[in-house]
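S.K.: Below: sequence and its predicted model.
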Amino acid sequence: MEKIKLTFLGTGSAIPTARRNHPAFYLQYKNENILVDCGEGTQRQFRKAKLNPCKITKILITHWHGDHVLGLPGLFKTLMLNEYNRELEIYGPRGTKRKIEMYLDLFAHKGTELNIKVSEVEEGIFFENEDFYLESAVMEHDVSCVAYSFVLKEKTRIDKKKLEKLKLGNSPLIGELAKGKKIEIGGKKIDGKKLIYVEPMKKITFVMDTRMNENAIKISKSADLLVCEATYSKEDEGLAEMRAHLISTESAKIAKKAKVGKLILTHLSQRYDEMPKVIVKEAVAVFKDVKVAEDLDMVEF
């Protein structure tokens, strides 16, 4: 079974610290390598994590504040210099096409253009293949902002070890068994239903800069993992409201109401750089399975 790997390249917020880089998250599944946001310094974080940015297939931009996108010009330059030869898919909120054009106009050099496809997203599924789909939902920030979910589809699999014991080779009847049908070989009946199992859906949701809102709960529903901003603690609730951010307990409420499996908090203000336990303690009072991400943390499932 192919696993999903998620690397936290940056877990800070507007002002980076020695401990936390600007936001960036790298999701890998099979041949897909999806970068969610690209704060300043993301390229160096790729190096530290021993990951190759030239394998990126898609970039998902939550919004166009500098701490989430100022790493894009340098990343584009690196891809150009390394003769990146695939189509780079970029998704983002309203206004993304114009901003990408401006970036390329400012930083690209003639003859080294990238093949980029830019799409602006709002609500619903915007990409789908046989393995997974990507969906977005509009958040409430002081600029256009969206949250994202990566959803690995439920699949019916055939147990290869049980199949090997039947010694059917490359028989076309294997296809019938994979559908759960019954077949007969040499007078022996085989029930395909006893050979198959269901690989459940898996879901990762990214909720970045936003005020508390119903869409955040909706897009996070039943996620195995919710990666959510928790820029401020309860003590700074007024500041969070003014700057359109979540406090720790609001992030936890989203997780609880959406019935997610695990909550990982990120985008911490620099004021909590040396005391992230404050954020965790507040969140745990609302939702039990919580941790604060550190730069270069990796989860796999």
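M.R.: Alright, I've got the coordinates. Numbers count the residues shown, from 1 in each chain.

S.K.: Neighbours of Asp105, how many?
M.R.: Using other CB atoms under 10 Å, Asp105 has 8 neighbouring residues. Using the backbone N, CA and C atoms, a C-beta is placed for each residue, glycine as well.

S.K.: Helices along this structure, start to end?
M.R.: 42-48, 66-69, 72-81, 96-107, 160-166, 173-178, 214-220, 237-242, 248-258, 277-284 (DSSP state H).

S.K.: Just the buried residues of the fifth one, please?
M.R.: In terms of neighbour count (16 or more other CB atoms under 10 Å), helix 160-166 has its buried residues at 163, 166.

S.K.: Also the first one?
M.R.: Of all the residues in helix 42-48, those buried under the rule 16+ other CB under 10 Å are 42-43, 45-46.

S.K.: any chance of the residues you listed in a markdown table, plus pLDDT and distance to Asp224?
M.R.: Listed next are the buried residues of helix 42-48 as a markdown table, based on pLDDT from 0 to 100; distance: CB to CB, whole Å:
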| residue | pLDDT | distance to Asp224 |
| --- | --- | --- |
| Thr42 | 98 | 25 |
| Gln43 | 97 | 29 |
| Gln45 | 98 | 24 |
| Phe46 | 98 | 25 |
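
S.K.: Turn the residues you listed into JSON lines, columns for distance to Lys234.
M.R.: Supplementary listing: those in JSON lines, determined by distance: CB to CB, whole Å:
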{"residue": "Thr42", "distance to Lys234": "30"}
{"residue": "Gln43", "distance to Lys234": "35"}
{"residue": "Gln45", "distance to Lys234": "30"}
{"residue": "Phe46", "distance to Lys234": "35"}
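
S.K.: so what are the domain limits for the chain?
M.R.: What automatic domain parsing lists as the domains of the chain is 5-154+200-300, 156-197.

S.K.: which one of the ones you listed has the most crowded surroundings?
M.R.: Counting by mean count of other CB atoms under 10 Å, domain 5-154+200-300 has the highest mean neighbour count of the domains of the chain, with a mean of 19.

S.K.: end-to-end on that domain?
M.R.: Using CA to CA, to the nearest Å, the end-to-end distance of domain 5-154+200-300 comes out at 4 Å.

S.K.: Equivalent analysis for stretch 251-270, please.
M.R.: 18 Å.

S.K.: Against Asn129, how distant is Lys5?
M.R.: Distance, Lys5 to Asn129, using CB to CB, to the nearest Å: 18 Å.
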